[in-house]
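Visitor: structural data only, the sequence is not supplied:
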């Protein structure tokens, strides 16, 4: 089947990069803030997720920081699971994801893991 996960989907790649190249150049959009020191552009994460998963699949980010990968997964109608230790970044994640109320969010306290 054409364009399954792992195959090169040139039309999807061109949507994000503008040309059928092997480099994705994506910067931050105007509405993206400086939430985290290693924050990635949502457009870049959308491109990577679109090229490696299908709608309805789960994206896992074990170090989600401010949640750019989770926001990108949400935008592309993927389910997502994120892990973050620092409460300030967990709060930022929740705020960024709250723009779409259709996803359920679960909160765990530090006590649950001790």
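Guide: Looks like it arrived, so ask away. Predicted, not measured: the structure shown is a model, and the values here were computed from it. Numbers count the residues shown, from 1 in each chain.
Visitor: what are the phi and psi values for residue 80?
Guide: With angles defined as degrees, to the nearest 10, residue 80 sits at phi -150, psi 150.
Visitor: helix or strand: which one has the residue nearest in space to the middle of the chain?
Guide: Using C-alpha atoms, centre = their mean, the residue of the chain that lies closest to the mean C-alpha position is residue 69, 1.9 Å off. Of the helices and strands defined by DSSP states H and E, residue 69 is found in helix 68-75.
Visitor: helices and strands around the helix or strand of the chain with the lowest mean pLDDT, which ones?
Guide: Averaged element by element with mean pLDDT, DSSP states H and E, the chain has its least confident helix or strand at helix 10-17 (a mean of 74). In terms of contact count using 3 or more C-beta pairs under 8 Å, 6 or more residues apart in numbering; DSSP states H and E, helix 10-17 is assigned the packing partners helix 42-52. C-betas here are computed from N, CA, C, even on glycine.
Visitor: tell me which helix or strand comes right after the helix it packs on.
Guide: Tracing the chain past helix 42-52, the next element assigned as helix or strand by DSSP H and E is strand 58-61.
Visitor: partners of that next one in the sheet?
Guide: Strand partners for strand 58-61, identified by DSSP bridges, are recorded as strand 79-82 (parallel).
Visitor: so how far is the partner strand from its chain's centroid?
Guide: Remark: strand 79-82 is offset 9 Å from the chain centroid, using C-alpha atoms, centre = their mean, to the nearest Å.
Visitor: cool, and stretch 49-62?
Guide: Between the mean C-alpha location of stretch 49-62 and the chain-wide mean there is a distance of 8 Å, by C-alpha atoms, centre = their mean.
Visitor: now do the buried residues in that stretch.
Guide: By neighbour count, and taking 16 or more other C-beta atoms under 10 Å as the criterion, the buried residues in stretch 49-62 are 49-51, 53, 59, 61.
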